[in-house]
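Asks: Just to be clear, the model below is a prediction. Sequence and coordinates:
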Amino acid sequence: MTDMLVAQRHELLVGELEKSGVLKITELAERLEVSRATIRRDLMELEAAGRVTRVRGGALLATAPGADRPPAVGGAPAAPRRERALGLMVPSATYYYPRAVAGVRAVAAERAARVVIGLTDYAQSRELEQIAELAAAGATGLLVTLSREHYLPAATLAQLRAGGLPFVLLERQPQNPFEPCEFVVSDHRQGAFAAVRHLAELGHERVALFTNGSPTAPLVAEGHAAAVRELSLLPSAPVVDSGRPTLGTAEATRHYDAFLGACRASGTRAALVHSDHDAIELIRRMRGAGLRTPEDLALIAYDDEIAALAEVPLTAVAPAKQELGELAAGLLLDRLEAADPAAVPVRQLLVQPRLIVRASCGAATAAE
């Protein structure tokens, strides 16, 4: 009976990883309602069985069996080829990046490559050390998302190049637009512009902006400003960056309440909010103040990680996260597989996010 319970728990654990891509031990323990020690023991057993890969503080599904060797041709064993291992460094295992990780893993499995993952949890001091660890773990190329600003200075790129491994930046790009460096990024300016344009088409003359101090925030702000200018909207709507306070703290609450107060004072009845978490907290603060979404303040969230789960489902800008991972892995593998890697042209890809319309922007009400 005990063995059956363990087996059932293993299947549930694998199922959670299939849904989310990467999860922390604490999250798995909460979802399965067991201790963290039990989860660690389960992960060790599943890793030994080749079903998961443990990473610092969590786990992800293992690459498909046999993915590190090309298929046999004509019944004869395939000749082994030089292993290609993608070192993937991302700042979070729980928000935004799991779907990008899933995209990387899917392409790696299709092209018989291995993935080695490193998580920094937004600790800048660990980034270069983490890159060195990925190289020591056998990575032959790198997919890198640094936790600092979106635009990387020349000194940071020089440090990456000093490691000697080819690399592709994921959701980051060089500060110098003429830098010959491969990257795949969401066009966050386009995403923000589309959100403001949608609110303007619903009749709003003022569209506020609330951002949270993330590396993406300046790009969202640029897109918002461009839309206000190009669409001839009134510039009196509040534009606020909270500076990334911890969610749920008194400091965060003060920012939300001040933003809502500024919207009311300026007559602003629509806002773009980065991120989903912040938009959900704003709805909660509005409810406490007797305000409604979208009647008193129409909202569009930015990220679309949990926007659909809000008490008023949030219209959201949705970056194509899985596709970003797939494209980045493809660029890197093209270079690693080439007979002459230097002959492969440098490619820099911008992917436009989608706008997913739900209840919070008032589109349904406007159409009635």
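Replies: It's in. This structure is a prediction, so every number in the text was calculated from the model and none was measured. Numbering: from 1, shown residues only.
Asks: For the rest of this, base every contact and every neighbour count on C-alpha atoms.
Replies: Noted.
Asks: Tell me which other helices or strands the helix or strand Ala265 falls within touches.
Replies: In the assignment (DSSP states H and E), Ala265 maps to helix 250-266. Applying 3 or more CA pairs under 8 Å, 6 or more residues apart in numbering; DSSP states H and E, we find helix 250-266 packed against helix 276-288.
Asks: What's the first helix or strand after the helix it packs on?
Replies: As assigned by DSSP H and E, the chain's next helix or strand after helix 276-288 is strand 298-302.
Asks: so where do the helices sit in this protein?
Replies: Here the chain has its helices, by DSSP state H, at 2-20, 25-32, 36-48, 97-110, 127-136, 154-162, 188-201, 217-230, 250-266, 276-288, 321-337, 363-367.
Asks: Please produce TSV containing those helices, extended by mean neighbour count and distance to Ala208.
Replies: Shown next, in TSV, are the helices of the chain (neighbours: other CA atoms under 10 Å; distance: least, CA to CA, whole Å):
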stretch	mean neighbour count	distance to Ala208
helix 2-20	14	32
helix 25-32	16	34
helix 36-48	16	43
helix 97-110	22	27
helix 127-136	17	35
helix 154-162	12	34
helix 188-201	23	9
helix 217-230	20	9
helix 250-266	16	7
helix 276-288	19	12
helix 321-337	21	26
helix 363-367	12	17
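Asks: Of those, which is nearest Thr120?
Replies: Evaluated with CA to CA, the helices of the chain place helix 127-136 nearest to Thr120, the distance being 6.4 Å.
Asks: Restrict the helix holding Ala265 to CA atoms and write it as CSV.
Replies: Output in CSV follows, covering the C-alpha atoms of helix 250-266 (Å, rounded to 0.1, in the frame of the first residue of the first chain):
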residue,chain,number,x,y,z
ALA,A,250,2.5,48.5,3.7
GLU,A,251,4.8,50.2,1.2
ALA,A,252,3.2,48.4,-1.8
THR,A,253,-0.3,49.4,-0.5
ARG,A,254,0.7,53.0,-0.2
HIS,A,255,1.7,53.0,-3.9
TYR,A,256,-1.5,51.4,-5.0
ASP,A,257,-3.7,53.8,-3.0
ALA,A,258,-1.7,56.8,-4.2
PHE,A,259,-2.0,55.7,-7.8
LEU,A,260,-5.8,55.2,-7.5
GLY,A,261,-6.1,58.6,-5.8
ALA,A,262,-4.2,60.3,-8.7
CYS,A,263,-6.4,58.6,-11.2
ARG,A,264,-9.5,59.9,-9.5
ALA,A,265,-8.1,63.4,-9.1
SER,A,266,-7.1,63.6,-12.8
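Asks: ok, residues contacting it?
Replies: The contact list for helix 250-266, computed with CA atoms under 8 Å, 6 or more residues apart in numbering, reads 208, 210, 236-238, 240, 242, 245-246, 269, 281-282, 285-286.
Asks: Tabulate the helices of the chain in TSV, adding columns for mean pLDDT and distance to Leu169.
Replies: As requested, these are arranged in TSV below (pLDDT from 0 to 100; distance: least, CA to CA, whole Å):
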stretch	mean pLDDT	distance to Leu169
helix 2-20	75	23
helix 25-32	83	27
helix 36-48	83	29
helix 97-110	93	12
helix 127-136	85	13
helix 154-162	91	10
helix 188-201	98	16
helix 217-230	98	17
helix 250-266	96	31
helix 276-288	96	24
helix 321-337	96	8
helix 363-367	65	36
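Asks: Relative to Leu61, which of those is closest?
Replies: helix 2-20 (6.3 Å).
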